[in-house]
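In: Sequence first, predicted model second:
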Amino acid sequence: AQSVTQPDIHITVSEGASLELRCNYSYGATPYLFWYVQSPGQGLQLLLKYFSGDTLVQGIKGFEAEFKRSQSSFNLRKPSVHWSDAAEYFCALGGSNYKLTFGKGTLLTVNP
Amino acid sequence: GAVVSQHPSWVICKSGTSVKIECRSLDFQATTMFWYRQFPKQSLMLMATSNEGSKATYEQGVEKDKFLINHASLTLSTLTVTSAHPEDSSFYICSAKASGGAGSKNIQYFGAGTRLSVL
């Protein structure tokens, strides 16, 4: 069975600080991995995706993520957080039948 | 590109009535759409997979007679919550999977969600 774990339920960072959100997955084959962001009362916006190839992927809004097969991880990073980055972040794994399995999400709070 | 429109964004209805939610892919064709339910401060729970021109596939525990899904065209899927009750109150989100090349097939684009409140 496939699963996604986001160990951190809530993270608080200061504006301008660096950010890393953790994501671990369990899957028996090469995974398709995604990071989505959700603002309150809104749908999900795709930040970035990993299918194959370069393990460091760049996304929108200055985010990047690194796929590490040996650690079954796909952590999201941003060098300098902006107040507008405050939101809920979901890591997702794409498996059979194109279904997505989501982690429970990490709520990011940005202090001024 | 890859915009998914979901309507309405918020609906309030009386217990026992039915509510229809629309999900449209505006600038691409989507042979497959997905319907999710999200409880407050929780992750998304897949309810069903909607395939154009065929019956939807429901996840275990989801009542197909309560949550009717129709995917009549390549750009439109609808979810009807029949005989809604207060426990059906939730945030419903749809997504559409692009019908393009091998890589893009795995990308889902999400609507903005519908908040349903059943009184």
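Out: Done, it's in. Residues are numbered from 1 along each chain as shown, chains lettered A, B, ... in the order given.
In: What ranges in chain B fall below the confidence cut-off?
Out: B:1, B:99-105 (pLDDT under 70).
In: 80 instead?
Out: For chain B, the stretches with pLDDT under 80 are B:1, B:41, B:98-106.
In: what does it put close to chain A?
Out: Residues of chain B lying near chain A by CB under 8 Å from any CB of the partner chain: B:4, B:6, B:32, B:34, B:41-44, B:46, B:49, B:91, B:93, B:95, B:97, B:103, B:105-113, B:115. Using the backbone N, CA and C atoms, a C-beta is placed for each residue, glycine as well.
In: Quick check: A:Asn13 touching A:Pro79?
Out: Residue A:13: Val, not Asn. No - using CB atoms under 8 Å as the test, A:Val13 is too far from A:Pro79 to be in contact (11.7 Å).
In: quick one: which of those two has more around it?
Out: Between A:Val13 and A:Pro79, counting by other CB atoms under 10 Å in any protein chain shown, A:Val13 is the more crowded of the two (17 against 11).
In: which helices and strands does the strand or helix carrying that one pack with?
Out: Using DSSP states H and E, A:Val13 sits within strand A:10-14. With contacts taken as 3 or more CB pairs under 8 Å, 6 or more residues apart in numbering or on different chains; DSSP states H and E, strand A:10-14 sits against strand A:19-21, strand A:106-111.
In: Strand partners (parallel or antiparallel) of that strand?
Out: strand A:106-111 (parallel) (DSSP bridges).
In: Show me which residues of the partner strand are buried.
Out: A:Thr106, A:Leu108, A:Val110 (16 or more other CB atoms under 10 Å in any protein chain shown).
In: Who does A:Glu64 form a beta bridge with?
Out: Under the criterion used (DSSP bridges), A:Glu64 bridges to A:Gln58, A:Arg77.
In: who touches it in this structure?
Out: A:Leu48, A:Leu56, A:Val57, A:Gln58, A:Leu76, A:Arg77, A:Lys78 (CB atoms under 8 Å, 6 or more residues apart in numbering or on different chains).
In: Need the residues you listed in JSON lines (columns: pLDDT and neighbour count).
Out: Converted to JSON lines, those look like this (pLDDT from 0 to 100; neighbours: other CB atoms under 10 Å in any protein chain shown):
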{"residue": "A:Leu48", "pLDDT": "95", "neighbour count": "18"}
{"residue": "A:Leu56", "pLDDT": "96", "neighbour count": "11"}
{"residue": "A:Val57", "pLDDT": "96", "neighbour count": "20"}
{"residue": "A:Gln58", "pLDDT": "96", "neighbour count": "10"}
{"residue": "A:Leu76", "pLDDT": "98", "neighbour count": "24"}
{"residue": "A:Arg77", "pLDDT": "98", "neighbour count": "14"}
{"residue": "A:Lys78", "pLDDT": "98", "neighbour count": "21"}
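In: dump the residue contacts of residue 73.
Out: No chain specified, so I'll use chain A. So A:Ser73 contacts A:Arg22, A:Cys23, A:Asn24, A:Tyr25, A:Glu66, A:Phe67 (CB under 8 Å, 6+ apart).
In: think we crossed wires, I meant chain B
Out: With CB under 8 Å, 6+ apart, B:Ser73 has these contacts: B:Glu52.
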